[in-house]
Structures are given as C-alpha cells and as structure tokens.
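Trainee: The following block contains a protein sequence and its predicted model.
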Amino acid sequence: MSANQLIVLTPLMGSLVAGLLAGRIGKGGAIGATIVGMLISAILSIRVFMEVAVGNAPTIQEEVFSWIVSGQFTVHFGILIDRITAIMLIVVSGISTLIHIYSIGYMEEDPDQPRFFSYLSLFTFAMLTLVTADNFLQLFFGWEGVGLASYLLIGFWYKKESACNAAIKAFLVNRVGDFGFALGIFTIFLIFGTLDYTQVFQMAANGEFKQMMDFPLLGQVPTITLICLLLFIGAMGKSAQFFLHTWLPDAMEGPTPVSALIHAATMVTAGVFMVCRASPLFELSPTALEVVTVVGAVTALFAASVGLVQNDIKKVIAYSTCSQLGYMFFAAGVSAYAASMFHLMTHAFFKALLFLSAGAVIHAMHHEQDMRRMGGLAKKIPMTYAVMMIGTLALTGFPFLAGFYSKDAILESAYAAHSMVGIFAWSMGMLAAVLTTFYSFRLVFMTFHGQPADQHTYHHAHEAPWSMRGPLVVLAVGAVFAGVVGVPMIEKQWFREAIFLAPGHDALENSHHVPGWVKWLPFAAFLLGLATAWMMYMRLTQLPGILAETFRRTHRFLVNAWYFDRLYDWMFVQMAKKIGEGLWRTGDETIIDGYGVNGAAANCARIAGWLRSIQSGYVYHYAFVMVIGVLVLVTVYT
Amino acid sequence: MLSLVTFLPLVGALVIAIGVHRNPDRARYAALMVSLVTFVLSLLLLHGFDSDSHAFQFLEERPWLPAFGLHYRMGVDGISLPFVLLTTFLTPICILSSWESVQKHVKEYMIAFLALETFVVGVFCALDFIVFYILWEAMLIPMFLIIGVWGGPNRIYAAMKFFLYTLAGSVLMLIAVLALGIEGGTFSIPKLMEHPFSLSFQMWVFLGFFVSFSVKVPMWPVHTWLPDAHVEAPTAGSVILAGILLKMGAYGFLRFSIPMLPDASREFVPLIFGLSLMAIVYTALVALMQKDLKKLIAYSSVSHMGFVTMGLFTFNQQGVEGGILQMINHGIVAGALFLLVGVVYDRLHTREIVKFGGLVQRMPIYAFIFMVFTMASVGLPGTNGFVGEFLILLGAFLASKAVAVVAASGVVLGAAYMLWMYKRVVFGEIRNPEVSVLADVNRRELVAFAPLIALVLWIGFYPKPFLDIFHTSVQHLLEQAKVVKVGALALK
C-alpha cells in the first residue's frame, strides 16, 4: 500500500475504530483514533503537495483495485494526484484536521462524541476518495459518500425534528442533482466507452467521438454539451446553486464544526472541483460554459440578497457560502478555472474561520444563534472578535487578505472574457460584492458591537477553550496569507495539463490587462457595503426596522429566500404525497383489487352461486330439464 | 451432488417429522443443522463450479417415467447457481430468526421451511420442464401454509390471495410448457434452448409464461397480492418470500423466455419496459404513503423488481448482469429489512410506523444495522444496491435513453420513501412509552445480520467474484438471444 493510498485510508480507519470500538476504547480513545488518522493523512498530503505542486514531480497515477467489470464496462478504484488534486488534498485534510481538533472543545458536553468523530472522519475519507478519483465513477462514489456523511451529520442531533428533516432534504435535493450526474456518466460511457479521465479527455481533445446524439425530449443535441450540462446538474446539487440550493441553509441544523467543514470549506466545493476537473469537456462546449456562468452569477447575487436579512448567525454565513460558490462557478464558466480553484482554496480558509468563529460565539452564548439577542460581545470575547474580523475582511476582499486576490481575479476574468455572459456575471458579481460586505459587517456589528440585548447570557459569555482557539488562529493565518501565497496559481500554466483551455479562452490571461477602474471597483464596492452597514447598524439603528416596514413585500420576499421552499414543498413534497395516496387508494385498492382481483373473485362466487342453484337436488327439477333437453335435441335433429 | 443439496432439507424434514417429538428446541436445532449443512454443501458446488464455461454442470439424468418421456434432469449454470446459493444462505438465517418468534407448531413450521428449501432449490436446478413444473407448484404449498398457519390476523385472506393469484398464472404456464414440449419433442430444457420455434408460436408461449412469471415477480399491475402476503406472513416467511420466491418470476424470464423465445422476447420489450417503469415509479409513490412498515418494504420490493425486469430485457451484458446481481442484492437487502421489522415486531407487536420513533435512543446497534440496509436499498455507492442499480440503469441507457431517464427518477423516489420511513422509525423523540424500555438486538439476532451486512459491503466494494460466476453464462445467453430462429425468418 503506497503512502498516497494511506492519505485516503487513514481517515476511514479512524472512522471505523471510533464508530465500532468506542465501547472498548472509550470516548478519548475514539477521538484520539480519528485525530491520529487525520494527522497522518494531513502530513502525507503535505508531502505529496510539496512534490507535485511545489516541486516538479509529474502527475501521480495508481490503480488500486478493480471495482466493477461487466462486459465492456470496467471501472477501478485509483489515485490520481495532479496539481488540482494536490490543492484539494491540502484543503480537505488540512481543514478537516483542524476541525477535528476544534470539535474536541465544541462537542465536549455531547454524550455522542465517538459517533460524531466517526462521521467526521468518514466524511473526510469520502471527500478524499472524490478528489483523488481517476475516473468518473469513483468521483461519483465519493460524491455520494460525502452526501451520506452530510446527511448523517446534519441529522446528528436526531431528537430534533427540524434536524432530521433538514438531513433528508439535503439527501434528496442532492439526489436530484445526482440523477443528472448519473445520466451524464451513462452518456460518457455510451460515447467514449470508458469512464477513465485520461482516456475520455484524450479522445475529447482529439475529437474522436460522435458529435451529435439523440436525447429524449431534446432530439438531436451536441454530445459534449449534453454531457456537460448533465454533469453540471450534479454540481448544482452538491454546490447548492440556484434551483438546487434550498438544502444548504437548512443544513445549518448540524453542529457548527460540520457546517464549517462540509457546508463551507470542502463538500460544497466538490461541484466546482468537478467542473474544473472536467475542463477538457466543458471547454468544448460554449453553451455549457454559458450556462455555468449564468447559473453561477445568478446564485452569487441571489444568495447575497437573501443573506442581507437573515437573523440567524449561521444562516447568514450559509447564504454567503452559496453566493461565493456562485463566484467560483462563473469563474469556471468564463474559463478562468485557475481563478476558480484559487478562490475555492482561499474561501475554504476564511469561510471555515467564519463558521468556527460563529461557533465560538454560539458556544459563548450558550447555543443562542439569533443575532438580535447578541451585541457588544467584542469586549467579552476579544479573541473571537479578532479572528472573526479577519475572516470578514478576507471574505469582503479587503486589500492583501486572501479574498482580495482570488475574488478580484474572478471579477477581472469575467470582465476580461469580453462576452455577454461575462459582463453579466461581472455585474452580478460586483453587485453581490457590495451586498457581501454589507451582510458581513451587519453580522459583525449586530454580534460584537452595540449594546448587549440579553444581559444574562452576556454576563456568562466566555472565551472558548484552547482546543477551539488554536484552530481559529491557524485558520486566521490562512485567511491572511492564502491569497499572497496562492497568487502563482493563476499564472499561466501553473496547473499544467490538469486544466485544459481551448484556444482563445484566455479570460484569465487578459484579466491582468483590464482597465484600472475595473481593478479598483471591488474596493469601492467594499467601502460602499461597509459604509451602509455602519450607517444602518451603528449610527441609525432604527433604519433597518423602518426600511423593513416600508418595503414590506421585498423584505418578506428576501426573508423567505424568494419563496423557493414554499414552492418546492407544494410542487414536489405535497404533490408526491397526494399522488402516492391516490395511486394507493384508487389505483391499487379500488381498481386493481376492487374491480380486478376481488371483483373477479366476487364474480366467480356469483356465477358459482347461480350454478349451484341449478343443482337443487330435486328429482323433478332434473326430470324437467331432461325433458326440455330431449325436446330441443329432437327439434334440432329432425 | 446436486440432488444431495436439493433433497437434503426434505430428508431433514422427514427426520424431524418422524424423530422429533414435542420438543420444540430439538426441532429448531435439527432444522438449523440441516440448513447449515446444506449451505456448506452448496458452497462445495460453488467451489467445483467452472465459471469459464456456460454449460450446465453437475448434470444428473435418470429416466423417471420413460413411457411418458419423463426424465429426472438436474444441472446448474452460472445463472442458476447464484440463486441456489442465495436460497441455501437465507434459509438458516430464516430459521434463526424464527427461534423465539414462532412458538406454536414449531416442528411443523420447521418441516415447512425445509420442504420449501428443497422445492426452491429444485426449481433452480431442474433441467426438465415437468420436474420444474412439479416443483414450481409444490413450492406454493409450504408457503401457503407458512402464511396461513403462522401468519397475522388476516392471514387467511392473504394466503388465499397469494395462492389463487399464482395458481391462476401457473395454469397458463402449464399450457405453455406442454406446448413447448410437444412442439419441441422433448421436455429437456437444454435441448429446448437449441430448438428453433416459429415467431407466432413463440409469441403465444411467451404470453403464457409472461402471465405466470409477471405474477411471481410481481410486475405492475399484478402486484397487489404481495403487500397483503407480506403483512400477514411471519417474519421468516417474508424474508423467504422477498428473498427467494420473488426471484422465481425473473428467473423464469432468464431461463426460459429469453433463450427459448428470443424473438418473442424482443417483440415484447416495450411491454416489459412499460410495466417495469410503472412498477418503479408508481409503487415508489405508493410506498411513500404506507403506514405499515412491512407494506412499505413490500411496495419497495415491487419497485426494485421493476429495475430487475427492466435490466433483463435490455439484452446487453450490463443490463442483464445488473439484473441478476440486483436479484441477489434484493434478496439480501429486502430480506434483512424484513428481519429488522421482525426484530421490533417481536418486541412491540406492531408494525405501524407512527407507533415507533426514537428507537435509536434505546437500540443504537439496531439503528446502525437499519441504516446500512436503508442505504443499500437506496443504492448508495459502496453498497451492493449501487452496483446492481448502476449496471441496470447503464444497460437501460444503452438500450433506450428515455426508459433510463424515467427509471433513474425512481432512484430519487426510492431515497425519499426509505429515508422518511427511517426517520420516523429510528430518529426523533420517543413518543410511545413502550419504546422507552426496549432492549437492543441480542446476540442471536446479531448473528443473523452479520453475514448480510458483510455481503452488502463485499458486493458493494468488490463485486467481481459475484459477477464472475455469471459472466460467461450471460454472454452465452445473449448470444442465444441474438440468433434469429429459422422459423421466425420464414414468417417475417
């Protein structure tokens, strides 16, 4: 077993030990096992990162064992580590390790700790399988595996009805996405006869495939566009993009470390990773790229708009995540995959930081999540305040912090794409940047500034233990420096053959030569957002209430997240229940059983009863019938 | 050898009938021993089986009533062997699971189960149509008794419905069997597979078989006997019903319809696909609304068998192999799910979903096992359900994209009803005071579940050894199905 395989396997071992042997080795043993597993994985990840991403080692490819073989169809488990994977490895195993450590403090009072750590490590295993996949089916394996872990962790507090419902919702919405994803995989196999990345991308690049194909309801469609759009449906589910985003805010029912790891830093970026990974396919379909751009841009703005009015501290960050994922997608859509990966990485640091800081706040406030009941906490928990501020500044693109580099790269690329959708994405992104700064500082002001709303909890507020503060500091360092350090990523050809660019798709190249005002506009957006938030939540604190009252409909519309939940509940949940009930009662019970089976039985009984009445047993009846019969026979034959 | 595996349980049943008096424990142990020995013997079969050959192996042939052309012929190929193994594997688990839950007429119960095992294994091994038909009908009797004697309150209605439904189908099959035998001049199954029949003849015979097999599968709309039978059957009865008896219909399609009547089979593909899709979508929606746990799983069985029939009629390697694998998977998973219902039924004497809730607080191990099988049923990668479902859908996609698209939506619905059910049963607060004193699964129950879990994960991660058993046979089957028979050409 190679060291690279251990990167993936040690978290699984940790998970199994913690999950199955907790009774034997106790709580401490279980936690220790998962953390050891994670540390090994993280150290080996760093090692391979140094080789592949910092050094010049070639792409690593290993076949582990063959999985499914049926006729022409063969798939194996394998390991592929190129520069995209190397970055994902660092992000996933690094942040996961930090969050394991953080959870020691955060989950201290929970009786189910071993189960929690087991799930966390299980998640990490699945996520690592996903990013190291060398074929589409292994990708799908990891994809569904992280879905399972997400489901288990959202519903971790299983006594809460809302948590269970949120878990199911997350699983089902993702299944809808996976429905598209699976069809995409089938189409790839149909067209290329293999699911292996290298072979598929090779054949795609050489044009060795059928250009057009039939698809139900669509007729003749360009093959590559079809494949990309089907895959993208999967990405929309996993990465909570517009239409399939509804599960992400609800997923905040899970413990906060989960929100940080799964629903901010890693799992939700799987869709972005997949689009970047499949760039050799996406690059061949301008239509698919346009769809990716538009969906990403709409999501960026939509989620930011909803984030403006949320009062639950975690929901604000959740919508922010959704919005930032939109940025990553439209970057990929304008072929600035490197910028997309760059933002994925920086975002992982500062968003995990924001969530964990929010967790520290919630911890300090004894599980209070409503920001209206907070306020003035800066004095009580200054360190949490400081790291939260760093996270916020990194997110909002304050100069020289992480988000400044990656977000600007995305916006400039969109502008430099010189296409309609590029400009559309750029303007949406710019608008969303203003909103981002506004809701981020609104969060900071409502939580840490002003007067405490609840004196009692305020007095009991306390700084988190060191196991929690340690990871916060590490992430804060990341949120400050990830940008500066990562800048080489967006230089030409840093990703080498891992990212394919079609000729002429050089938005990222051109982004270095955009006019000066385009470079400065994001900073102006930052100032505008900050000033507005400051005005509304520090100076004229009645203003938000007045505005909400004046623009009541708009406010309700935003608070209800554009009414998607209500629409979907009516359209799908209630509808499916009604149809199910109808088919059962009417279809099965009344028609098939009522008229069919029991009806046939009843008819048999009726006919039998009638026949029985003929056989009365009286001799004169039989004699009578016989006489009639003889008469008939005689009449007929004479 | 094959006859030994087949008839050992029956011999065991006779020994129990004669030798064991009134001591229920002895009957239990004796039955368990017999079924375990049978299982070990069947493993020897697997060991001696050459999976590189598509031919029937372990052949036995003896004249029986030569005057009437009747011969006793037995043999297995890569398609029937997995089902023999599934049967011998599930029977000890069934006996184990009835250890405490069956208290009346224990001896007779065990006899019925062992007899059933003989008939079922016999059906899978029979290479003579008359032998096959006799065993096929004989199988109904112990099952009828198991439901009718050891079943729930409404058992008589359910048993009658089950019996009459299948018998109605069997009558037409008998006609089809006789027609094949007379037209082909033999009742030998391998010889009939080589015999070319005209298309119109094939069509009629196909319909005769179709009626019988579709009831057994069961396909929509002749599935309504299944929920009733399951609800009333004792736990082990449900396990064997879902695990083995439901495979009979699909096995019939594989063994007879496709190789003997290939042209007709192709003609009827749209019909089969249509009904399969109805099963997948319709019954998934019905399953969503079920209030009784067993009914829910029964409906989910119909939905999953819809995938199977669809896979078998894709006429490509992936679809057919997926179909066969999914039959085995369904045997394992649905069997386990019924066992899980049995575990709580033994403790609470109810199957109504609303009566549960919060089980995980009292039964964490149970909740874990339940989760494994829920995920297998949902088809999560890493479980056996995924491999089967994926291959079927892939096969269907290669055969007809529209069909695959509709069927894939069934995967979403499948997740919906399973997860919602799981949540209502296992998660949440304890509402029923009786739940708050429940004991977790005991050692005997754990022993029954352990091999099932192992198989779920084994097939999920490394299905190769299982697929290898039937690779060659499926290839051969598809070659047979490709041959356009002489008579058919003349007609067309």
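Mentor: Ah, there it is. None of these values were measured; they are calculated from a predicted model.
Trainee: Which single residue of the stretch 301-450 of chain B ends up nearest chain A?
Mentor: With Cβ to the nearest Cβ as the measure, residue B:317 is the residue of the stretch 301-450 of chain B nearest to chain A, at 3.0 Å. Heads up, the C-betas are built off the backbone N, CA and C, glycines and all.
Trainee: Helix, strand or coil: sort out residue B:470 for me.
Mentor: helix (DSSP: H, G, I helix; E, B strand; the rest coil).
Trainee: For the closest residue to chain B within the stretch 301-450 of chain A, which three-state class applies?
Mentor: Nearest to chain B in the stretch 301-450 of chain A, going by Cβ to the nearest Cβ, is residue A:367, at a distance of 18.2 Å. With three-state DSSP as the basis, the three-state label of residue A:367 is coil.
Trainee: neighbours around it, how many?
Mentor: 9 (other Cβ atoms under 10 Å in any protein chain shown).
Trainee: And for the one 5 residues further on?
Mentor: One way to gauge burial is a neighbour count; for residue A:372, by other Cβ under 10 Å, it gives 11.
Trainee: same question, residue A:428
Mentor: 24.
Trainee: Repeat that for residue A:290.
Mentor: 18.
Trainee: next one: the one 5 residues further on
Mentor: Other residues within reach of residue A:295 by the criterion other Cβ under 10 Å amount to 22.
Trainee: what's in contact with the longest strand belonging to chain B?
Mentor: Longest strand of chain B, by residue count under DSSP state E: strand B:57-65. Strand B:57-65 is contacted by residues B:1-3, B:45, B:48-50, B:70-77, B:127, B:131 when judged by Cβ atoms under 8 Å, 6 or more residues apart in numbering or on different chains.
Trainee: How far off centre is that strand?
Mentor: When distances are taken as Cα atoms, centre = their mean, to the nearest Å, strand B:57-65 is centred 26 Å away from the chain's centroid.
Trainee: just to revisit the earlier point, excluding chain neighbours, give the residue nearest to the residue of the stretch 301-450 of chain B closest to chain A in space.
Mentor: Excluding its sequence neighbours, the residue lying closest to residue B:317 (Cβ to Cβ, 6 or more residues apart in numbering or on different chains) is residue A:71, at 3.0 Å.
Trainee: Just the pLDDT at the one you found, thanks.
Mentor: With respect to pLDDT, residue A:71 scores 84.
Trainee: buried set for stretch B:224-243?
Mentor: The neighbour-count check on stretch B:224-243 (16 or more other Cβ atoms under 10 Å in any protein chain shown) flags B:224-243 as buried.
Trainee: buried sites along the helix or strand where residue B:200 lies?
Mentor: Here residue B:200, judged by DSSP states H and E, is contained in helix B:199-216. Buried residues in helix B:199-216, counted by 16+ other Cβ under 10 Å: B:199, B:201-203, B:205-206, B:208-216.
Trainee: Who does the longest strand of chain B pair with, and is each partner parallel or antiparallel?
Mentor: strand B:70-76 (antiparallel) (DSSP bridges).
Trainee: what residues are up against the residue in the stretch 501-638 of chain A positioned nearest to chain B?
Mentor: Nearest residue of the stretch 501-638 of chain A to chain B, counting by Cβ to the nearest Cβ: residue A:580, 3.9 Å away. Shown in contact with residue A:580 (Cβ under 8 Å, 6+ apart): B:285, B:286, B:287, B:288, B:289.
Trainee: Can you tell me the SS state at the third one?
Mentor: So the one you mean is residue B:287. Per three-state DSSP, residue B:287 ends up helix.
Trainee: For the residue of the stretch 51-200 of chain A found nearest chain B, give me phi and psi.
Mentor: Relative to chain B, the nearest point of the stretch 51-200 of chain A is residue A:71 (3.0 Å; Cβ to the nearest Cβ). Dihedral angles of residue A:71 (phi, psi; degrees, to the nearest 10) stand at phi 60, psi -130.
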